[in-house]
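> starting from these lines, generate the structure:
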Amino acid sequence: MDSDDDVSMNMSGNVSGMMEESMNTSSVVMDGSTIPNYVMQESSVPSNHDSPTSGLIARPPHLEGSLDNSVLDTSIAFSFGPNNSFQDVLELTIPALPPPSMQHDQLLRVAYKCQRRGLTQTTKWLLELASSLHFLPEDSVEVPINNDMDDLPTVELVQYMLAKTYFDMNEFQRAAHALKECTSTCSIFLRLYSKYLAGERLREEEEPDPLKDQKRNVNPELTAIRKELKSLIVSGCRDPFILYLMGLVMRDLGLELKAKEAFIETVSAEPLLWCGWVELTNLCSNKSQVNDLCSVVPVHWVRHHFHALAALELYAPEAVSMFEILCASYPTSAWLASNCALARYNIRDYEVADEVFTQLREKEPYRLESVDAYSNILYVQESKETQLSQLARDVIKVDKYRVETCCVLGNYYSCKGAHEKAIVYFQRALQLNRKYLSAWTLLGHEYLEVKNTKAAVAAYRRAVDVNQRDYRAWYGLGQAYELMHLSLFSIYYFKRALQLRPYDTRMWEAVGSVLQSHKRYDEAIRCFENLKPLQEGEGVSSRNVVSTLAYLYKLTQQREKARKCYESLIERDESGKILVSDPITLDACLFLSTYFLEKGDAGQVNIYANTLMSAGEKYTHHARHVLEQLERRGSDGERGVSPQATRLRSVLNRMSPGLFDSIFYDQEEEEYEPHDVDESDVNDEDDNDILLDLSD
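Now for the predicted structure:
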């Protein structure tokens with residue numbers, strides 16, 4: 001084996017987590033041929049892949065070593081401005097869509113090539129897009145479909161057609177064997193691709209229990225295929241299909257940077273080879289990486305679709321407008337319509353997403369792609385249980401052995417509360433396709449429902465293996481570790497989810513709540529301060545968030561900010577009377593009565609204390625105490641606080657901020673809090689006297 005083939009067989013095949021990869025598409029010249037670097041060099045930087053670790057509470061990969069606060073810092077600065085927008089790149093670098101007749105011609109030419117090589121998913125995408133174009137009959141052109149076979153010798157034609165028949169029957173090893181003597185580029189690709197698929201099937205058949213943290217099997221054909229592909233590329237072969245297969249091999253070997261370079265050359269050689277664009281999308285973990293591709297990929301109209309898909313995969317809100325624009329140009333495209341619904345689902349616009357999927361089901365009742373996502377939308381809408389039941393019956397009639405059907409049935413039984421049965425169907429989906437992301441994530445949710453935390457963690461980790469951009473898996477891991485009371489781990493995983501969804505209120509709330517429970521109040525405050533405007537922007541009530549913020553401000557002695565928050569929670573009727581609608585209002589009155597007692601504002605104290613008099617025993621006791629303190633005031637405004645109590649507050653708060661409040665103010669039987677006094681008013685030498693007075 002050549003030294004260049006001596007690589008670590010890491011079968012992650014997934015997106016690099018948060019690592020920025022610099023794009024280097026330079027090449028070297030050998031024997032008169034230009035050879036890409038990804039063929040000549042090994043990557044010295046391993047993939048930053050968060051693969052499952054052994055053990056239930058094993059440390060996250062980025063936390064090996066000490067678990068200090070700096071590693072888990074959540075003070076992330078997110079920008080929501082136009083600089084992070086995909087559309088900035090779209091407007092500058094992508095040409096307008098050509099006439100429909102020209103697109104139709106180009107799509108058919110490439111679709112025929114893909115069909116002859118067994119790339120069925122790409123063929124389907126190209127033909128569905130071509131069929132959605134509308135143009136006048138006189139604008140149509142006759143497309144020659146035999147130009148792809150020019151490099152196929154006549155003596156190989158029969159053998160190639162026989163091998164392709166074996167391939168279509170899923171007899172991959174037999175197809176590869178039938179082409180062992182063929183030398184044309186088309187035949188070589190089909191032979192090596194057949195070997196690749198045969199190795200993938202063998203790998204999946206021999207893989208151990210996927211829920212156990214064992215080493216993943218590898219495709220046994222990868223090294224041999226790579227060696228042969230390398231010799232072809234070194235000899236000057238630049239066939240886009242050969243380059244695409246090289247990218248797949250590099251990806252499965254864990255050499256993601258080299259895989260990205262191979263896929264860039266693939267789409268540069270044939271811009272309409274959609275599978276190359278899909279793989280590039282899978283290798284981009286953030287917007288900046290997508291934008292970096294603009295300088296190295298061809299300027300072609302298909303990049304409209306690429307950018308829209310990348311925005312969807314990265315959960316970017318821009319995906320909605322991108323797909324809506326494309327739907328106007330391809331009005332009957334089922335793929336675009338379903339992705340438009342998914343984009344709506346990602347921004348939690350469930351009603352519109354439901355409407356789009358309903359219309360799509362009416363037009364194509366036998367289409368199962370993305371139907372599991374449709375069941376997710378119906379699941380989160382509690383009033384749609386009947387529609388979910390009908391959808392489950394419909395998909396069973398179409399194909400009960402499809403992975404999407406199993407996921408729909410799993411959602412149906414979960415909605416009915418039959419979580420054990422739901423687990424069975426999600427496991428069945430994974431038996432059909434071990435890399436089906438939605439099934440892994442939903443299986444983790446079900447394990448959490450039945451309190452099987454260990455299995456939930458394993459399922460979520462496998463989901464992250466499949467796609468590190470799945471924020472639901474990261475969020476699920478955070479929930480699982482929170483249930484196990486492992487705050488540091490839950491913070492780490494919630495933070496990963498937050499990095500993927502910085503505009504999602506649920507992510508900020510999860511991180512803030514865990515930080516609060518871990519008594520990291522300053523960081524929790526920053527999270528809830530970011531959460532408040534997001535909720536207001538969505539038109540969602542931020543009352544609970546404001547209440548939490550006020551409480552955190554009180555704990556950290558930011559009493560003026562706490563006062564503003566609590567006052568914003570007070571609702572009044574037309575006459576100005578306080579409306580007590582929930583316990584939040586009572587808590588606000590409780591704090592404000594004490595706050596204004598400190599400030600000497602008798603009018604405000606009476607308003608809030610009298611409101612508390614009609615509440616429960618806790619609030620009534622506090623109100624009486626505050627009013628009693630108010631009555632003790634003299635005409636000169638003296639507040640009735642003893643010098644010893646004032647000095648005690650200063651001493652205790654110097655020892656630990658908020659210590660006095662936690663001892664005295666939060667106790668039901670003595671809810672009294674003296675006014676703040678500057679620490680300079682108390683001499684250090686008097687501290688011991690104060691404590692001695694207490695003992696007396």
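
> what about Ala269, how many residues close to it?
Applying other CB atoms under 10 Å, we find 17 residues neighbouring Ala269. C-beta: built from backbone N, CA, C; applies to glycine.

> do Met613 as well
For Met613, using other CB under 10 Å, the count is 12.

> excluding chain neighbours, what is closest to it?
Excluding its sequence neighbours, the residue lying closest to Met613 (CB to CB, 6 or more residues apart in numbering) is Ala623, at 4.9 Å.

> please, which helix or strand holds the one you found?
Using DSSP states H and E, Ala623 maps to helix 617-631.

> give me the helices and strands touching that helix, please.
Counting contacts by 3 or more CB pairs under 8 Å, 6 or more residues apart in numbering; DSSP states H and E, helix 617-631 packs against helix 583-599, helix 602-612.

> look up how far Arg506 lies from Leu192.
Per CB to CB, to the nearest Å, Leu192 is found 45 Å from Arg506.

> what is the neighbour count of Leu579?
By the measure other CB under 10 Å, the count of residues near Leu579 is 11.

> so what sits opposite it in the bridge?
Glu571 (DSSP bridges).

> contacting residues for the residue nearest the centre of the chain?
Closest residue to the average C-alpha location of the chain: Tyr471 at 2.4 Å, with CA atoms, centre = their mean. By CB atoms under 8 Å, 6 or more residues apart in numbering, the residues touching Tyr471 are 315, 496-497, 500-501, 504, 507.

> if I look at it, how far off is Cys407?
Remark: distance between Tyr471 and Cys407 (CB to CB) = 18 Å.

> which one of the helices and strands packed on helix 617-631 lies nearest to Arg434?
The closest of the helices and strands packed on helix 617-631 to Arg434 is helix 583-599. By CB to CB, the value is 47.5 Å.

> and that closest one, what does it pack onto?
helix 543-555, helix 559-569, strand 578-579, helix 602-612, helix 617-631.

> which of those sits most buried?
helix 543-555 (a mean of 21; mean count of other CB atoms under 10 Å).

> so where's the stretch 401-550 of the chain shaky on pLDDT?
536-541 (pLDDT under 70).

> same thing with the stretch 551-696 of the chain?
For the stretch 551-696 of the chain (pLDDT under 70), the answer is 633-696.

> let's see that with 90 instead.
Residues of the stretch 551-696 of the chain meeting the criterion pLDDT under 90: 557, 559, 566-591, 593-696.

> ok, now the stretch 101-250 of the chain?
Across the stretch 101-250 of the chain, the ranges flagged by pLDDT under 90 are 101-102, 134-156, 183, 203-218.

> which residues of it fall in helices?
120-131, 154-168, 172-178, 185-206, 222-234, 240-252 (DSSP state H, counting those that start in this stretch).

> chain neighbours aside, what residue packs nearest to Cys407?
Asp372 (3.7 Å).

> for the contacts of Tyr471, pick the one with the most neighbours.
The residue in those with the most neighbours, by other CB under 10 Å, is Met507 (26 neighbours).

> measure that one to Trp474 for me?
9 Å.

> and the helix holding Ala623 with helix 583-599, angle?
20 degrees (axes from the mean of the first three to the mean of the last three CA atoms, to 10 degrees).

> how distant is helix 617-631 from the center of its chain?
Relative to its chain's centre, helix 617-631 lies at 50 Å (CA atoms, centre = their mean, to the nearest Å).

> now that helix against helix 602-612, angle please.
Per the same axes, to 10 degrees, the angle that helix 617-631 makes with helix 602-612 is 160 degrees.

> quick revisit: mutual contacts of Met507 and Trp474, please.
Residues touching both Met507 and Trp474 by CB under 8 Å, 6+ apart: 494, 497.

> just the strands in this structure please.
Assigned by DSSP state E, the chain shows strands spanning 27-30, 33-36, 571-572, 578-579.

> what residues does the third one touch?
Think strand 571-572. Contacts for strand 571-572 (CB under 8 Å, 6+ apart): 578-579, 581, 585.

> nearest to Ala550, of these?
Thr585 (11.9 Å).

> neighbours of that closest one, how many?
Under the neighbour criterion other CB under 10 Å, Thr585 is assigned a count of 20.

> ok, it to Glu270 distance?
From Thr585 to Glu270 the distance is 65 Å (CB to CB).

> check Glu449 too.
Distance from Glu449 to Glu270, by CB to CB: 47 Å.

> what of Val158?
Counting by CB to CB - Val158 and Glu270 are separated by 27 Å.

> between those two, who's got more neighbours?
Glu270 (19 against 9).

> how about the more buried one: what's its closest non-neighbour residue?
Leaving aside its chain neighbours, Glu270 sits nearest to Pro240 (3.8 Å; criterion: CB to CB, 6+ apart).

> same check on Ile94?
Arg303 (4.8 Å).

> thinking that neighbour is in contact with Ala96, fair?
No - shown here, Arg303 and Ala96 do not form a contact pair, counting by CB atoms under 8 Å, at 11.6 Å.

> when the two are compared, which one has more neighbours?
Arg303 (22 against 6).

> closest to Gln106 out of the helices and strands packed on helix 617-631?
Going by CB to CB, the one of the helices and strands packed on helix 617-631 nearest Gln106 is helix 583-599, 60.8 Å.

> got the buried residues for the closest one?
584-597 (16 or more other CB atoms under 10 Å).

> that one vs helix 543-555, what angle?
30 degrees.

> just the CA trace of helix 583-599, in PDB.
Only the C-alpha atoms of helix 583-599 are listed here, as PDB (Å, rounded to 0.1, in the frame of the first residue of the first chain):
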ATOM      1  CA  PRO A 583     -48.600  34.900  41.100                       C
ATOM      2  CA  ILE A 584     -46.100  37.000  39.100                       C
ATOM      3  CA  THR A 585     -48.100  40.100  39.900                       C
ATOM      4  CA  LEU A 586     -48.100  39.300  43.600                       C
ATOM      5  CA  ASP A 587     -44.300  38.700  43.600                       C
ATOM      6  CA  ALA A 588     -43.900  42.000  41.900                       C
ATOM      7  CA  CYS A 589     -46.000  43.800  44.500                       C
ATOM      8  CA  LEU A 590     -44.100  42.000  47.200                       C
ATOM      9  CA  PHE A 591     -40.700  43.300  46.000                       C
ATOM     10  CA  LEU A 592     -42.000  46.800  45.100                       C
ATOM     11  CA  SER A 593     -43.600  47.400  48.500                       C
ATOM     12  CA  THR A 594     -40.200  46.700  50.200                       C
ATOM     13  CA  TYR A 595     -38.300  48.700  47.500                       C
ATOM     14  CA  PHE A 596     -40.400  51.800  48.000                       C
ATOM     15  CA  LEU A 597     -40.300  51.300  51.800                       C
ATOM     16  CA  GLU A 598     -36.500  51.700  51.500                       C
ATOM     17  CA  LYS A 599     -37.000  54.800  49.300                       C
END
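
> setting aside sequence neighbours, what's the nearest residue to Val267?
Take Val267 and drop its neighbours on the chain: the residue closest to it by CB to CB, 6+ apart is Gly276, 4.4 Å away.

> my bad, should have said Leu283
Lys260 (4.9 Å).

> that neighbour against Leu280, yeah?
Yes - Lys260 lies in contact with Leu280 (CB under 8 Å); the separation is 6.7 Å.

> more neighbours, the two?
Ranked by neighbour count (other CB under 10 Å), Lys260 and Leu280 place Lys260 first, with 27 against 23.

> measure that one to Ala310 for me?
13 Å.

> chain center to stretch 232-250: distance?
With CA atoms, centre = their mean, you get 32 Å for stretch 232-250.

> go on, stretch 544-555?
28 Å.

> look up how far Arg506 lies from the residue nearest to the centre of the chain.
10 Å.

> check Asn282 too.
From Asn282 across to Arg506, the span is 25 Å (CB to CB).

> could you do His445 as well?
14 Å.

> more neighbours, the two?
A direct count of neighbours by other CB under 10 Å for His445 and Arg506 places His445 higher, at 21 against 15.
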